[in-house]
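Enquirer: Here's a sequence, model it:
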Amino acid sequence: MRSRSPRIDDGLERAICAFGTMKALADQLGVTVQSVSQWTRVPVERVLQVEQLTGISRYQLRPDIYGPEPRRRPLARRQRAEARAA
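Expert: Okay, here's the model as predicted:
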């Protein structure tokens, strides 16, 4: 990752990097680049939209709200067998 402003948290930095520029992210969100430039992290009301656009999970974008990424439960033996048969 490129060097970033100490004001911007990792989640917002990842979202910006996913689009390449702050302007590209702003355009996808339908907001001005000035608006995004004032964020220190992805606003609560934008987290799900950013998650959908970038594929970066809400847990990575805002761990202060959503907490750590949940661990995936391993598939049961039967589910693994069914998955292999499909």
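Enquirer: residue ranges with poor pLDDT in the chain?
Expert: 1-6, 73-76, 78, 80 (pLDDT under 70).
Enquirer: Next one: the residue positioned nearest the centre of it from residue 66, what distance?
Expert: The chain has residue 56 as the residue nearest its centroid, 3.0 Å off, counting by Cα atoms, centre = their mean. Counting by Cβ to Cβ, to the nearest Å, the separation of residue 56 from residue 66 is 12 Å. Just so you know, the C-beta spots here come from the backbone N, C-alpha and C atoms, and that holds for glycine as well.
Enquirer: Over to residue 11?
Expert: Going from residue 11 to residue 66 by Cβ to Cβ gives 10 Å.
Enquirer: Give me the more crowded residue out of these two.
Expert: Between residue 11 and residue 66, residue 11 has the larger neighbour count (other Cβ atoms under 10 Å), namely 22 against 15.
Enquirer: The more buried one touches residue 40, doesn't it?
Expert: No. The pair residue 11 / residue 40 is not scored as a contact, 10.3 Å apart, by Cβ atoms under 8 Å.
Enquirer: all helices for the protein, in order.
Expert: 10-19, 22-29, 33-37, 47-54, 58-61, 63-66, 77-85 (DSSP state H).
Enquirer: can you list contacts of the longest one?
Expert: When you say that, I think you mean helix 10-19. 1-2, 4, 8, 22, 25, 28, 36, 39-42, 50, 53-56, 60-63 (Cβ atoms under 8 Å, 6 or more residues apart in numbering).
Enquirer: Apply 7 Å and report the result again.
Expert: 1, 4, 22, 25, 28, 39, 41-42, 50, 54, 56, 60-62 (Cβ atoms under 7 Å, 6 or more residues apart in numbering).
Enquirer: Give me the angle between it and helix 47-54.
Expert: 30 degrees (axes from the mean of the first three to the mean of the last three Cα atoms, to 10 degrees).
Enquirer: what angle separates helix 10-19 from helix 22-29?
Expert: Using the same axes, to 10 degrees: helix 10-19 against helix 22-29 is 90 degrees.
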